[in-house]
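Peer 1: with the sequence up front, the predicted model follows.
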Amino acid sequence: MAKKKTIAGLKFNGGWDYAAAPESKDHIRLQKQYDLFIDGKFVAPKSGKYFDTINPATEVKLAAVAEAGTEDVDIAVKAARKSYEQVWSKLPARERGKYIFRIARIMQERARELAVIESMDGGKPIRESRDIDVPLAAAHFFYYAGWADKLDYAMPGARAGSLGVAGQIIPWNFPLLMAAWKIAPALAAGNTVVIKPAETTPLTALKLAEIIQEADLPPGVVNIITGAGATGAAIVNHPGVDKVAFTGSTDVGKIIQRALAGTDKKYTLELGGKAANIIFEDAAIDQAVEGIINGIFFNQGHVCCAGSRLFVQESVADKVIRKLKDRMETLVVGDPLDKNTDIGAINSKPQLEKIRQFLKIGVNEGGTLYQSSCAVPSKGYWCRPTLFTDVSQSSRVVQEEIFGPVLAVQTFRTIEEVIEKANNIPYGLSGGVWTDKGSRIFKITGQLRAGVVWANTYNKFDPTSPFGGYKESGMGREGGLHGLHPYVKINA
Ligand code: NDP
């Protein structure tokens, strides 16, 4: 009798593990305590206060960091003003460009150090800080260095001048990259800067201060002051600030907008989002699943433009959700410094509590919660990749920004229905569409009220491309030529 042949099933997601591949941190030199970077020097805060910054993956303290009070903010703004009037605005534009270019080059030279510190301080996987955050931050300096002596060509028919002192406040999700988004165009247009990184992620900004010293930038052109919300508010309200650039939550953006109403300060607000990632039945499904994963789980979902609302055409919904769950099972959650890690630590304890709160809300509203079955470390702040099905337009997990690795899945039948649903939200920052048909892409991109819409891809960034939102996602654009405008005064 012939022997019965058995064909073994292929199994991609079980039975084996990656060997650990941790990035070395032996070369990292962190001080025990960091002062404020004002007028080209590190100076102790007049407030006398310091706060701790910790590694969210281990809960271990990395350094103590100065907390700038109102007097410190005043000193920083005055240093920026003096430098603006006496040095920076008087320099030939091409000389400004050279300094910015030099910052970019030194960032590249110190890229590994910056990437490791970014992952230690913020919890993001080293693969992302190494391959995305740091190279993109350097690319922004390179890009705007090129514009410094071409402003009159950037704004044809006008003589482009600078505004003065820019007060800039950034969040914790892309600390170095956000600093680059803010500082590079401001300097290129001839302004000086007082910038505050977020409380939980000040270290790469302080390393940037060292780079700025190394680049020999004239003192006071860039002042980096650390602190919490009160420090940010003191920058916003300082009468010596000519322009405010804020990236952060919509709630704080509203407070800032109210504070600036009636003043002659210019401002840009880059706020929250709740993007629709739309999958049509004719999409290349496997690629779309990768796009969904990248859209929501990149940087633990701490991304303003995260594809946190998934819309799948009903005819392929079961297939997409099944493949999505399989793919979620393969995601490696854990040590941010391990090169195999896909999802690192949640940035802070309060953020983890906020995410957990939303998980409860989603379940209480009738949503079906699914989480991958991966193990997570016992110390540190972690959230397994999560998705909700059985949610509706009115669910809070659909309407509100969670800022974590949590995806809300809905289905649709027609293009009109999905456009209506995608736009029915207070935010309008970004979106994604997956389809084989170009005409459908144009229809969707033309009708989504979102500043950035990706087609058959997601979360792609480039310094030459503007970024910004509609509605409660803010006002103004950063990046590209558009990103210069808010820092320029047009002279007749
Ligand atoms: P927050 O708005 O809480 O904080 C942003 C920054 O503002 C921080 O440096 C913070 O300081 C500071 N700040 C807090 N309160 C005030 C205040 N009253 N006046 C002035 N400054 C203040 O946001 P998160 O840090 O929690 O960042 C996440 C948010 O940022 C998300 O909503 C996300 O969507 C949005 N974001 C938007 C982006 C965009 O381009 N549209 C890009 C990235 C993030 P501290 O942290 O020290 O308290």
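Peer 2: Perfect, thanks for sending it.
Peer 1: who are the contact partners of residue 99?
Peer 2: Residue 99 is in contact with 187, 215, 216, 217, 221, counting by C-beta atoms under 8 Å, 6 or more residues apart in numbering. C-betas here are computed from N, CA, C, even on glycine.
Peer 1: if we go to 10 Å?
Peer 2: 88, 91, 141, 145, 148, 187-188, 212, 215-218, 221-222 (C-beta atoms under 10 Å, 6 or more residues apart in numbering).
Peer 1: for those residues, give me a markdown table that also has secondary structure and pLDDT.
Peer 2: Formatted as a markdown table, the contacts of residue 99 follow (DSSP: H, G, I helix; E, B strand; the rest coil; pLDDT from 0 to 100):
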| residue | secondary structure | pLDDT |
| --- | --- | --- |
| 88 | helix | 97 |
| 91 | coil | 97 |
| 141 | helix | 98 |
| 145 | helix | 98 |
| 148 | helix | 97 |
| 187 | helix | 98 |
| 188 | helix | 97 |
| 212 | helix | 98 |
| 215 | coil | 98 |
| 216 | coil | 98 |
| 217 | coil | 98 |
| 218 | coil | 98 |
| 221 | coil | 98 |
| 222 | strand | 98 |
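Peer 1: in a strand, residue 417, correct?
Peer 2: No: using DSSP: H, G, I helix; E, B strand; the rest coil, the assignment for residue 417 is helix, not a strand.
Peer 1: quick check: residues of this protein near the ligand?
Peer 2: Residues of the chain lying close to the ligand (C-beta under 6 Å from any ligand atom) are 169-173, 196, 198-199, 228-229, 232-233, 236, 247-249, 252, 255-256, 270-273, 304, 401, 403, 429, 469, 473-474.
Peer 1: now list the buried members of these.
Peer 2: 169-173, 196, 198-199, 232-233, 236, 247-248, 252, 256, 270-273, 304, 401, 403, 429, 469, 473-474 (16 or more other C-beta atoms under 10 Å).
Peer 1: quick one, helices of the stretch 1-150 of the chain?
Peer 2: For the stretch 1-150 of the chain, the helices defined by DSSP state H, counting those that start in this stretch cover 70-86, 93-109, 111-122, 126-128, 134-147.
Peer 1: isn't residue 350 up against residue 200?
Peer 2: Yes: assessed by C-beta atoms under 10 Å, residue 350 is found in contact with residue 200 at 8.9 Å.
Peer 1: for residue 155, grab the count of nearby residues.
Peer 2: 15 (other C-beta atoms under 10 Å).
Peer 1: which residues touch it?
Peer 2: By C-beta under 10 Å, 6+ apart, the residues touching residue 155 are 481, 484, 485, 488, 490.
Peer 1: which ones among these lie within strands?
Peer 2: Residues of the contacts of residue 155 located in strands (DSSP state E): 488, 490.
Peer 1: a markdown table for the contacts of residue 155, including neighbour count and pLDDT?
Peer 2: Listed next are the contacts of residue 155 as a markdown table, based on neighbours: other C-beta atoms under 10 Å; pLDDT from 0 to 100:
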| residue | neighbour count | pLDDT |
| --- | --- | --- |
| 481 | 15 | 95 |
| 484 | 24 | 95 |
| 485 | 19 | 94 |
| 488 | 23 | 95 |
| 490 | 11 | 87 |
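Peer 1: tell me which of the contacts of residue 99 is nearest to the ligand?
Peer 2: residue 222 (16.4 Å; C-beta to the nearest ligand atom).
Peer 1: spell out the residue ranges of the strands in the stretch 351-492 of the chain.
Peer 2: In the stretch 351-492 of the chain, the strands defined using DSSP state E, counting those that start in this stretch lie at 368-371, 386-389, 406-412, 427-428, 430-434, 452-455, 470-471, 474-475, 488-491.
Peer 1: who does the second one pair up with?
Peer 2: Sheet pairing of strand 386-389 (DSSP bridges) gives strand 368-371 (antiparallel), strand 406-412 (parallel).
Peer 1: which of those strands is buried the deepest?
Peer 2: strand 406-412 (a mean of 23; mean count of other C-beta atoms under 10 Å).
Peer 1: dump that one to CSV, restricted to CA.
Peer 2: Provided in CSV are the C-alpha atoms of strand 406-412 (Å, rounded to 0.1, in the frame of the first residue of the first chain):
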residue,chain,number,x,y,z
VAL,A,406,-5.2,51.3,19.2
LEU,A,407,-7.1,50.9,15.9
ALA,A,408,-10.8,51.4,15.5
VAL,A,409,-12.2,49.4,12.5
GLN,A,410,-15.4,50.2,10.6
THR,A,411,-16.7,49.0,7.3
PHE,A,412,-18.4,50.8,4.3
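Peer 1: pLDDT on stretch 336-343, on average?
Peer 2: Averaging pLDDT along stretch 336-343 yields 97.
Peer 1: in that stretch, what counts as buried?
Peer 2: Quick answer for stretch 336-343 (16+ other C-beta under 10 Å): 336, 337, 338, 340, 341, 342, 343.
Peer 1: swap in stretch 154-170?
Peer 2: Within stretch 154-170, the residues scored as buried using 16+ other C-beta under 10 Å are 160, 162, 163, 164, 165, 166, 167, 168, 169, 170.
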